[in-house]
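**Student:** following is a predicted model, sequence given first.
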Number of protein chains: 2
Amino acid sequence: MKKIKQIIVGGAGFIGSNLIKKLLGQGGPIYVLDNFSNSSPELVADYLAGEFVQKVDVSRCNDLREVFQKILQRSDRYDIWHLAANSDIPSGVMDPDVDYRDTFLTTYNLLKVARDFPLVNSFNFASSSAIYGDMGGDKIQENAGPLLPISNYGAMKLASEAALSAAHESFLPAVNIFRFPNIVGSPATHGVIFDFVQKLKKNPARLDVLGNGEQKKSYLYIDDLIEAMLHIHRINLKLNRHLSFFNIGPLDEGVTVRQIAETVVSIVSPDAEIFYGHGNKGWVGDIPKFSYSIDRLLSTGWMPSFTSLAAVERATFDIKLQLLNLDHNTLFLS
Amino acid sequence: MKKIKQIIVGGAGFIGSNLIKKLLGQGGPIYVLDNFSNSSPELVADYLAGEFVQKVDVSRCNDLREVFQKILQRSDRYDIWHLAANSDIPSGVMDPDVDYRDTFLTTYNLLKVARDFPLVNSFNFASSSAIYGDMGGDKIQENAGPLLPISNYGAMKLASEAALSAAHESFLPAVNIFRFPNIVGSPATHGVIFDFVQKLKKNPARLDVLGNGEQKKSYLYIDDLIEAMLHIHRINLKLNRHLSFFNIGPLDEGVTVRQIAETVVSIVSPDAEIFYGHGNKGWVGDIPKFSYSIDRLLSTGWMPSFTSLAAVERATFDIKLQLLNLDHNTLFLS
C-alpha cells in the first residue's frame, strides 16, 4: 500500500518542528507548508529536503490549492496536521483580522482544498483551551458548555472546530481535535518564559511582570504534547473513532506567573529583582485562573512525563540555550 | 436623550420584516441593511421611507462601513439586529462558501465596523439550534456541550457566536444571542411548508416528501419569535445583563414531517396523495429528531402563544395566501 503523506501546516514553527522530528521515519513523506511569518525554514532544513518545504500563505485559498496540486495526486492518501495560527493572543485583541486570517481562514481553506483531494485520511487540528473562555477556575471537561471564548484567538479556534465538525459530517472521515494548554519548550517565539528570558537579557538586574503574578495556568512540555498528539491519532485510527476531541495537559493544576518568574530568574539571572504589576489579568482576553480535566485522555493510557513546574524549568533551560545560540549567529536550532 | 437608532441587518427578509412591524413607533429610527438576495425592498416599503433602506452586501466590509458612515454619527447610540444569513441549509452543504460569506462574514464585518462607532447599545444576533449538532433527541439546554454542528450553517452560526463572545470581552457592552428553532409564517422564502405548498400548486394530486416523514422538530410561529426577541432585549437591558443566550421555541417537543405534510395537504389540496421517501434525514446536515429546552426563557416570564402544530397550521394559511397573492401579481406582502 502507498504510504500516507503527512502534510504539516505551520510546520516550521515551534510545535511543527518538534512534531516533524517524531514523524520522521514513521511512515510516508512529510511536507511542510508555512508562510514563515513566525517560523523559519532553517528549523526544518536539517530534516527535510527543499522540495518538501513549501512556502505558502494558507489564508490565500488559491495559493494553497496550487501547493496541494504540486505535492498531491488525487490518488494519494494523506494526513493533515494543522498547526498554523496566530499565536500572539494580545495582537489578535488589538486587530481581530490577525486571528480571523491566520487562525480561522487557514482551517477553512484547508477544508475547501481537502474536498478536492478525496483520500484524506485524517485532519489533526491544534485547538486550544481558549475555546472554553473563562469558566471560573473549575476543572473543565471536554463536554463543558457554554463555550464563550473571551479572545479572538479562542473565538477563531472555536470557529475552526465548528467548521471541522460540519466537514466531518459531509466528507472528512476522521477529525482529531487537540485542545492545547500553554506549551513550553524551544524553539520558542513568544510566551511568558520567552518574554522573561528576553527581558533579563536586556536588564539582568530587574524583571517586570504584567499583572500581580497570581494568574495560574497549566503548562505542558513540548515533548509531552507531541506524544499526546501521536497517541490520540494512533488510538483513534485503531479504534476507528471518527471525530475526537481531547484536552491535553499536565496532571497538576498549573503554576502561577510568580512561580514562573522566580524559576526563570533563578536559572537566567539569580540576582535580578522581580517587580509585579496590578490586577489578575495580563491583557484583555487573558484568563486569570485556568485548569482543565485531562481524565478523558488519561483513560486512553497516555500520561505526561512532566509537571507544569518541571515543564517551566526545562523550557527555561531550553530557551536560555536557544537565545544564547542566536546571539552567536549559529543555527536557530543547534 | 437622543433616541437609539435601530439597525436591522437582513431586515427585508421573513424575520426582519416582521421585526420591523413591531419596532415601529417603539423608539428611534429604523434602518434596514439588506442585499435583497433572498428578500425584497417591497417587504419594508410600506413601513420605511427610502433613505432608511440601504442596499448593501454586508459580507463586503468596505461597503458596510460606507453605509454605517452614511446612517450613523459617532455620537449616535444604536442597536444592531443581525438577521442576515444564508437560510438555505442544504445549499451550504454543497458549497461551504455560502454560509461562510452570508452567515459568518456578515457577523464578523458588523463587529469590525461597530468598533468604529463607539456608542453601540446592544448586538442582537439570530443564532440557531443548529449550533448544537445532533444531540440524539435529548432536550438541549443552553449550557449543553460539546458543540459539534453537522452543517456549515450551524458551524458558521457557532463561529459567529464565538466572535460575538470575544467582542463582548473587548468592546461590545451587550450581546443577546437568540437560538432559533424552525420559524414559520409569511413572507416565507424557503422551508418545508413553503416547499410543500409550492409542490401542491404544481401538482395538486400528489405530494412527494424527502425522507420517511419521521423527522421531528420544533416549529415556532413568527409572532412568538418576535415577541421573544423583544422580551429578551428588554429584560436584559433592565437587568443590566451583558451577554445572554436563550433557546427560543414552543413548549412542545415538535411535530413530524408526516404531520406537516398532512396539515399542508388538508389546507391546500385535500385530495392529494402523500408519498414518502426512505431514511430519516432529508439531506446531509439535517438532524432527524430534535427538541430543546426553553426553561431558561420561560423562567423570565415569556410564554409562546402557539404549539408547533398550531404554528404549522397558521403558517400554512399564511403561505397559501402569500403564494396566491404572488400569482395575481399583487404586492409580495399584501
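**Tutor:** Happy to help now that I have it.

**Student:** elements contacting the lengthiest strand in chain A?
**Tutor:** If each strand of chain A is counted by residues according to DSSP state E, the longest one is strand A:120-128. Applying 3 or more C-beta pairs under 8 Å, 6 or more residues apart in numbering or on different chains; DSSP states H and E, one finds that strand A:120-128 makes contact with strand A:78-82, helix A:106-114, helix A:152-170, strand A:175-180, helix A:222-239. C-beta here means a position set from N, CA and C on the backbone, and glycine is covered the same way.

**Student:** quick one, which of those gets closest to residue B:212.
**Tutor:** Residue B:212 sits nearest to helix A:152-170 of all the helices and strands packed on strand A:120-128, at 19.8 Å, using C-beta to C-beta.

**Student:** what angle do the closest one and strand A:175-180 make?
**Tutor:** Here helix A:152-170 runs at 160 degrees with respect to strand A:175-180, directions being taken by axes from the mean of the first three to the mean of the last three C-alpha atoms, to 10 degrees.

**Student:** from memory residue A:16 sits against residue A:10, does it?
**Tutor:** Yes. At 5.5 Å, residue A:16 counts as touching residue A:10 under the criterion of C-beta atoms under 8 Å.

**Student:** neighbour count winner among the two?
**Tutor:** Comparing residue A:16 with residue A:10 by other C-beta atoms under 10 Å in any protein chain shown, the one with more neighbours is residue A:10, at 26 against 23.

**Student:** picking that back up, now the common contact residues for residue A:16 and residue A:10.
**Tutor:** With contacts defined as C-beta atoms under 8 Å, 6 or more residues apart in numbering or on different chains, the residues shared by residue A:16 and residue A:10 are A:34, A:39, A:83.

**Student:** lowest-confidence entry in these?
**Tutor:** Lowest pLDDT within the shared contacts of residue A:16 and residue A:10 is found at residue A:39 (83).

**Student:** assign a three-state SS to that one, would you?
**Tutor:** Assigned by DSSP: H, G, I helix; E, B strand; the rest coil, the conformation of residue A:39 is coil.

**Student:** neighbours of it, how many?
**Tutor:** A count of nearby residues for residue A:39, using other C-beta under 10 Å, gives 25.

**Student:** what's near enough to touch it?
**Tutor:** The neighbours of residue A:39, taking C-beta under 8 Å, 6+ apart as the test, are A:10, A:12-14, A:16-17, A:189.

**Student:** how about 6 Å then?
**Tutor:** By C-beta atoms under 6 Å, 6 or more residues apart in numbering or on different chains, the contact set of residue A:39 is A:12-13.

**Student:** distance of it from residue B:277?
**Tutor:** With distances taken as C-beta to C-beta, to the nearest Å, residue A:39 is found 51 Å from residue B:277.

**Student:** hmm, stretch A:177-191 in reach of chain B?
**Tutor:** No. Stretch A:177-191 stays out of contact with chain B when judged by C-beta under 6 Å from any C-beta of the partner chain, the minimum separation being 9.4 Å.

**Student:** re earlier: deepest-packed of the helices and strands packed on strand A:120-128, please.
**Tutor:** Sort the helices and strands packed on strand A:120-128 by mean neighbour count, taking mean count of other C-beta atoms under 10 Å in any protein chain shown, and helix A:152-170 sits at the top with a mean of 28.

**Student:** who are the packing partners of it?
**Tutor:** Counting contacts by 3 or more C-beta pairs under 6 Å, 6 or more residues apart in numbering or on different chains; DSSP states H and E, helix A:152-170 is packed against helix A:89-94, helix A:96-99, helix A:106-114, strand A:120-128, strand A:175-180, helix B:152-170.

**Student:** of all the helices and strands packed on strand A:120-128, which lies closest to residue A:99?
**Tutor:** Using C-beta to C-beta as the criterion, the shortest distance between residue A:99 and the helices and strands packed on strand A:120-128 is 4.2 Å, found for helix A:152-170.

**Student:** check what contacts that closest one and list those residues.
**Tutor:** Contacting residues not belonging to helix A:152-170 are listed as A:89, A:92, A:96, A:99, A:103-104, A:107-108, A:111, A:125, A:127-128, A:130-131, A:147, A:149, A:175, A:177, A:243, B:93, B:148-152, B:155, B:158-159, B:162-163, B:166, B:284 [C-beta under 6 Å, 6+ apart].

**Student:** which residues of the stretch 151-300 of chain A lie near chain B?
**Tutor:** By the criterion of C-beta under 6 Å from any C-beta, the positions of the stretch 151-300 of chain A lying close to chain B are A:151-152, A:155, A:158-159, A:162-163, A:165-166, A:169-170, A:284.

**Student:** need those residues in a markdown table (columns: pLDDT).
**Tutor:** Formatted as a markdown table, the entries for those read as follows, by pLDDT from 0 to 100:
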| residue | pLDDT |
| --- | --- |
| A:151 | 91 |
| A:152 | 93 |
| A:155 | 96 |
| A:158 | 98 |
| A:159 | 98 |
| A:162 | 98 |
| A:163 | 97 |
| A:165 | 97 |
| A:166 | 94 |
| A:169 | 92 |
| A:170 | 88 |
| A:284 | 58 |
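
**Student:** break chain A down into its domains, please.
**Tutor:** A:5-183+A:220-247, A:185-218+A:253-289+A:307-327 (automatic domain parsing).

**Student:** how close does residue A:125 get to chain B?
**Tutor:** Here the distance between residue A:125 and chain B works out to 13 Å (C-beta to the nearest C-beta, to the nearest Å).

**Student:** what of residue A:59?
**Tutor:** The spacing between residue A:59 and chain B, counted by C-beta to the nearest C-beta, is 13 Å.

**Student:** that residue against residue A:101, yeah?
**Tutor:** Yes. The pair formed by residue A:59 and residue A:101 meets the contact definition of C-beta atoms under 6 Å, at 4.6 Å.

**Student:** how near is residue A:67 to residue A:56?
**Tutor:** 5 Å.

**Student:** so where's the stretch 151-300 of chain A uncertain?
**Tutor:** Low-confidence segments of the stretch 151-300 of chain A, defined by pLDDT under 70: A:280-290.

**Student:** do that again at 80, thanks
**Tutor:** Counting by pLDDT under 80, the stretch 151-300 of chain A has low-confidence residues at A:240-241, A:279-291.

**Student:** quick one: residue A:309 and residue A:254 touch, right?
**Tutor:** No. Using C-beta under 6 Å, residue A:309 makes no contact with residue A:254, being 9.1 Å away.

**Student:** these two: which is more packed in?
**Tutor:** Looking at residue A:309 and residue A:254 with other C-beta under 10 Å, you find the greater number of neighbours at residue A:254, namely 22 against 16.

**Student:** report the contact partners of that one.
**Tutor:** The contact partners of residue A:254, taken as C-beta under 6 Å, 6+ apart, are A:216-218, A:291, A:308.

**Student:** so which of those residues belong to strands?
**Tutor:** In this view, those that belong to strands under DSSP E are A:216-217, A:291.

**Student:** from the residues you listed, pick the one nearest residue B:263.
**Tutor:** When the ones in strands among the contacts of residue A:254 are compared for distance to residue B:263 (C-beta to C-beta), residue A:291 wins out at 52.0 Å.
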